[in-house]
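Asker: what's the 3D shape of this:
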Amino acid sequence: MDTLEQLRDRLATRFPEAQVVFVTNPGASAEHSLLLDAAHARDIAFFLRDDPALRLDYCSNATGIDWPEKEITDVVKTSVPDPAGGPAKIVETKSVRVQPGYLEAVYHLFSVALKHGPVVIRLRTANRSDAVTLPSLTPVWRSCDFQEREIFDLFGIVFAGHPDLRRILMWDEFKDHPMRKDYVEPADYEWEPTAHDEVLDKAKAFRASVPSVAARKETAS
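Answerer: Residues are numbered from 1 along each chain as shown. Prediction:
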């Protein structure tokens, strides 16, 4: 099978209008990936599945990642000659820029037919607020169905074209996304006989702060 860099070049040739970016993984696994632009992602996905040399017919895992806004410090080093004729001095200039936040969906692909993989692809939203829609890859790999629902539920990515996009872990009326890095857990923990440690402490504190709720619970019990 081609290397990931070669696969990127093949995709750039096959889809000249698409943006395909090689993303390195600095970790020990060095499991690099390809970032696909949302507009062409599904067409590329069908190609990855159906190309005779690739046959990436199985998506083993799809998961979400939250990348909040962060400040990045860029350092530029400049060589400044010494007027006295000595060694040049290296002067560092620092500038701070803000990298906007975004969400990602990451897919691990394998070929059962040709026994190779994984090939890791990722899709990225425009932001974390009002532009969080990505194309669903469930029409390409059926195994993405529940996993995209989980990403939608926990991270808030909306998968256009998903056959049944609804919450899978949280209840329908839940308003937030618990895997977001800025998620704030609620204070109103329900008391249960199985509650313990920090959960029990929070439940007791909440009941003490809202007597009417505590009274209703005592009456119901």
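
Asker: Ala105 contacts Val132, doesn't it?
Answerer: No. Ala105 lies out of contact with Val132 (C-beta atoms under 8 Å); the separation is 10.4 Å. For glycine as for every other residue, the C-beta is placed from the backbone atoms N, C-alpha and C.

Asker: which residues do those two both contact?
Answerer: Residues touching both Ala105 and Val132 (C-beta atoms under 8 Å, 6 or more residues apart in numbering) are Ile157.

Asker: Which one's more surrounded, these two?
Answerer: Ala105 (27 against 18; other C-beta atoms under 10 Å).

Asker: Next up, the contacts around the more buried one.
Answerer: Ala62, Thr63, Gly64, Arg122, Leu123, Leu134, Glu148, Ile151, Ile157, Phe159.

Asker: Show only the entries of the residues you listed found in strands.
Answerer: Ala62, Thr63, Gly64, Arg122, Leu123, Leu134, Phe159 (DSSP state E).

Asker: Name the member of those with the shortest distance to Phe22.
Answerer: Nearest to Phe22 among these: Arg122, at 11.2 Å, using C-beta to C-beta.

Asker: The nearest residue in space to that closest one that is not next to it in sequence in helix, strand or coil?
Answerer: In this structure, Arg122 finds its nearest non-sequential neighbour in Val106, 4.6 Å apart by C-beta to C-beta, 6 or more residues apart in numbering. What DSSP: H, G, I helix; E, B strand; the rest coil gives for Val106 is strand.

Asker: Share the number of residues neighbouring Val106, please.
Answerer: Using other C-beta under 10 Å: Val106 sits among 18 other residues.

Asker: ditto for Ser136
Answerer: 24.

Asker: quick one: the strands in this protein?
Answerer: So, for the chain - with DSSP E - the strands run 20-23, 33-36, 58-67, 70-80, 89-99, 102-111, 116-124, 133-135, 158-160.

Asker: Return the residue of this protein that is most distant from the centre.
Answerer: Distance from the centre of the chain peaks at Ala84, with 54.1 Å (C-alpha atoms, centre = their mean).

Asker: what about that one, distance to Val119?
Answerer: 58 Å (C-beta to C-beta, to the nearest Å).

Asker: what's the answer for Val96, then?
Answerer: Taking C-beta to C-beta, one finds Val96 at 36 Å from Val119.

Asker: Between those two, which has more neighbouring residues?
Answerer: Val119 (20 against 8).

Asker: what's the most centrally placed residue in the chain in contact with, if anything?
Answerer: For the chain, the residue nearest the mean C-alpha position is Ile65 (2.2 Å; C-alpha atoms, centre = their mean). Ile65 is in contact with Leu103, Glu104, Val106, Phe155, counting by C-beta under 8 Å, 6+ apart.

Asker: same thing but 10 Å
Answerer: Tyr102, Leu103, Glu104, Ala105, Val106, Arg122, Arg124, Ile151, Phe155, Ile157, Met179, Lys181 (C-beta atoms under 10 Å, 6 or more residues apart in numbering).

Asker: Check Ser60 too.
Answerer: Residues near Ser60 by C-beta under 10 Å, 6+ apart: Tyr107, His108, Leu109, Phe110, Val112, Gly117, Pro118, Trp141, Ser143, Gln147.

Asker: Okay, domains of this protein per the record?
Answerer: Per automatic domain parsing, the structural domains of the chain span 4-66+102-173, 185-221.

Asker: among those, which is the most enclosed?
Answerer: Mean neighbours per residue, mean count of other C-beta atoms under 10 Å, is largest over the domains of the chain for domain 4-66+102-173, with a mean of 17.

Asker: Kind regards, and thank you for your time.
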